[in-house]
Every structure is written in structure tokens, then in C-alpha cells.
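Novice: the following block contains a protein sequence and its predicted model.
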Amino acid sequence: MRAKVSIARFIALRVLLLMAVLMVIYSLTVKLVYQWGTYDNTHYFLSMEADKVFDVLNKHEQLPLPSDKYTQYFLNHSALPQKLKTLFPTSLHFEGELLSYEQGSDILYLLPYRHPKTQQLFYIVHTYKSQDDLYEVALDISELLIALGFLTLIIVMLMVKNLAWSIVKPVRSLQQWAVTIRPGGLNRQTLNPPQLKFTELKTVADCLKESIITIENHNEQEKNFLRTLSHELRTPLAITKAALELLEKKPEDLDDGQLKKLARMRRANTNMLSTTECLLWLWSINERTLSKEAVNLSDLVQACVEVNRYLLQRKSVDIALDIPSDLSFYLEKKLLEMLVNNLVRNAFQYTEQGQITITADKHTLVVKNATSHESSFVEESDDYGYGVGLYLVEKLCTQKGWLLAFKRDECSFSVSVSLLSH
């Protein structure tokens, strides 16, 4: 199953999410720091103003004139305008504690200070009016925030890109190396993994290389064994076949019992030759090429049915064929004969009673046989349905790219083969 997200995309998405979170935190932090700076700056200058008023009150016991039109002095709480009393309740008044209130773009500041004689609080009120602020700066806070954010974004993106690429590049190298490995086409140069900077990836590459070599060695040993075995079996099978043919030429020298045994030996020899030929082709596919020709499927199936009909002796089994007489396939006749013969033989061998149906169209061949709980094939391995024949059929279909499907229920077992390469 293919993964939905690549490492590069995963890192990119996580980085974008991280960048978004950092930008939000950064924006809030800059704004908060700006507000703190404005507050501290105002508090400092109003405190200096309060010190001057304090000195005047200590000498003359009366308030001096305000230093500008934005600043006002009040001797005590009762002298404050009602608006200020409402905005700044008494419970918030502490000496030297600057209070503020925003009114749109204007800001009101209130600084309580201790009277040197009466020890009561006097007040310094300052009003900031943005429309009267003629001081021009190159960048205001919003522009500065955008500029710094953009600059930070570029720097962080470059750093993250460099980090992400440092991770993604060796992973992609490992992926590209793994994709080049194909069964049966291995060589020393292909199996050499690329230079990887991370220890973990190097370990994965080395383990993959060792596993591939081990599997390939085991496969090669299996192929050599089966090739050798098939070759070794063909000689005694050929000798046995020749001896059987000599005996069949003198049937008058044999009684009925011996003739039946001779027929059984002949069938067993034919089956062994067919299985050996199939094994030899499967494990020598790169060395043996079979020519293609137009094969009439109806004739081939009928021939295979007749060859294997002996398996239905003393069984209540009917055979139904539904194959167009003109249906032909252009492929290797020997391989199609192996396929059909194995399917028919397995169906005949493991059907005790009922009907065997063989159907075909221009795409698919289907062999369906009746089953019962008492059938001996139930005890066979479930890996490939039943019998070694279906194992060979599956291997043959895999080599040729034919689609093979099994279907089993309580009453029947069917095998379908799509004879078009996929």
C-alpha cells in the first residue's frame, strides 16, 4: 500500500504550521512590547513632571501652571472632573502607579502622587491626542511589525528549508536506490547503496542490501535445484515412456490386469512429464523462450478433458463445456496447455460427485467444480486452494501477467484466469 504523504510534503506542512504559529506569537509579542515601552516612557516623563510639582508644592503650597495644554494638575481627588472619577475609581489610586484609558485613538493618563504637606494624593493628568502628534517616523508600529515579520519569515524559511533539505535529500537518495533494485537483475554496482549522511539511513540501506542478497541467493539455489531436478527427472521419465511404448506394442502378451496397470503407468508418466516440463519452464524463464501461435481453446480443453478423464472413473461426475468453437488465443501453446491441464486435472481429482463446468469467453477461462465436506481436498493446504497443480498455475500466471482468482463456497470451488496480460 502506497503511503499518502511523502517526507518532503510532511516536513513542508509541519514547517508552514510552525511558521504560522510563530508569526502569531511574534506579532502578539511585538505589540505587547510596544505597549510596555509606551507605558514605561509615559510613566517616566509624568514622574519627572510630578517631581517638579512636588517641589513647587513644598515651597509655595500651591499648584504651578501646567507645562503644556495636554497636561493638567489637580490638588486632590475632589478636584478631579467627574469623567476622570468614573474612568479611574479610587480603589485603583496608588502613589506613583500610572493609570491609562484609551478613547479611540486618544489615551488618558492619570498619575497619583503624594502631597508633601498634607500627605494626600494630588494628580497629574495627561492626554495624548494622535491627531496632534506631528512627530513623523519612517515606520509606524504596524509597518514595523510587517517589515520585521516578513524579514523573520524569510530568515526562518531559509533555515528550515536548509534543514528540511538536509533530511529529505538522503531519504530520496535511499528511495531512488531502492527503486532501481529489480528481481533477477541485480549486480554488484546496483546493490551498492548511495553515500548517506545519517547513520539510521545507512543502517537501513545495509540491512536492505543484505536481505536482498540473501533472498536472491535462496531463490537462485531454489531455481538451480528445480532445474537440476527437472533435468534429472526427464531422463528416467523418457526411458520409462519408451519402455511403456514397447509394452503397448505387444498387448497380446499381457492379460487384462496387466493392461490396466500399464495404462495407469502410462498416465502417471504423462503427468510427471507435464509437471516436470512446467517446473523447468517456470524456473528457467530467462533461458527458454517459447514461440506464440493461435491456439483454439475449445480443442485444447477437450483434449485435456480426455487425457484426464480416467480420474473420474467410479465417480458420479458430469462435465459441461461452454466454450465457443472458434475461440482462439495468440500465445504460447505449451504454457496454455500446462495451465488448462493443471486446472482440469485438479478439478477431476478432487470432485467426488456433481458437475464440473468449464466456460470461457474472449477474456477469461473459468473452471468450476462441485465440492462436498467429505471431499479429500478439504484436508489439503489452503494456501493455493488445493493440490500442487494450482500452485503451478499461480506461478505460471504470475510469470505471464495473467490474473488468477479463486472462489470457494459450501457447494463449489472455481478458478478463473484472465488470459490477457496485465
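Specialist: On my side now, so go ahead.

Novice: when you work out contacts or count neighbours from here on, use the C-alpha atoms and nothing else.
Specialist: Will do.

Novice: which of the helices or strands spans E200?
Specialist: helix 199-248 (DSSP states H and E).

Novice: tell me what that helix is packed against?
Specialist: Contact analysis of helix 199-248 by 3 or more CA pairs under 8 Å, 6 or more residues apart in numbering; DSSP states H and E lists helix 141-180, helix 256-282 as its packing neighbours.

Novice: same list, those, but as CSV with mean pLDDT, mean neighbour count and distance to L63 please.
Specialist: Below are those laid out as CSV (pLDDT from 0 to 100; neighbours: other CA atoms under 10 Å; distance: least, CA to CA, whole Å):
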stretch, mean pLDDT, mean neighbour count, distance to L63
helix 141-180, 78, 14, 37
helix 256-282, 77, 16, 112
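
Novice: strands along this protein, start to end?
Specialist: 71-74, 99-103, 106-114, 121-128, 292-296, 316-322, 328-332, 353-360, 364-370, 403-408, 412-418 (DSSP state E).

Novice: save these as CSV, and put in mean pLDDT and mean neighbour count too.
Specialist: Listed next are the strands of the chain as CSV, based on pLDDT from 0 to 100; neighbours: other CA atoms under 10 Å:
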stretch, mean pLDDT, mean neighbour count
strand 71-74, 88, 18
strand 99-103, 85, 14
strand 106-114, 86, 20
strand 121-128, 86, 20
strand 292-296, 91, 15
strand 316-322, 92, 13
strand 328-332, 89, 16
strand 353-360, 93, 19
strand 364-370, 93, 21
strand 403-408, 90, 14
strand 412-418, 91, 19
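
Novice: ok, which of these comes nearest W281?
Specialist: The closest of the strands of the chain to W281 is strand 328-332. By CA to CA, the value is 11.9 Å.

Novice: adding distance to P89, write the helices and strands packed on helix 199-248 out as JSON lines.
Specialist: Below are the helices and strands packed on helix 199-248 laid out as JSON lines (distance: least, CA to CA, whole Å):
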{"stretch": "helix 141-180", "distance to P89": "31"}
{"stretch": "helix 256-282", "distance to P89": "97"}
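
Novice: out of those, nearest to H126?
Specialist: Among the helices and strands packed on helix 199-248, if distance is taken as CA to CA, the winner is helix 141-180, at 21.9 Å.

Novice: tilt between the closest one and helix 199-248?
Specialist: Orientation of helix 141-180 against helix 199-248 (axes from the mean of the first three to the mean of the last three CA atoms, to 10 degrees) gives an angle of 30 degrees.

Novice: counting by contacts, list what helix 141-180 packs against.
Specialist: Against helix 141-180 (3+ CA pairs under 8 Å, 6+ apart) you get helix 7-60, helix 199-248.

Novice: tell me what the first one is packed against?
Specialist: Here helix 7-60 touches strand 106-114, helix 141-180, going by 3+ CA pairs under 8 Å, 6+ apart.

Novice: for that helix, give the mean pLDDT please.
Specialist: Average pLDDT, helix 7-60: 81.

Novice: okay, now the closest residue to M265 other than its chain neighbours: neighbour count?
Specialist: Closest residue in space to M265, ignoring its immediate chain neighbours: L244 at 7.8 Å, by CA to CA, 6 or more residues apart in numbering. Residues contacting L244 under the criterion other CA atoms under 10 Å number 16.

Novice: identify the residues contacting L244.
Specialist: Going by CA atoms under 8 Å, 6 or more residues apart in numbering, L244 touches L262, M265, R266.
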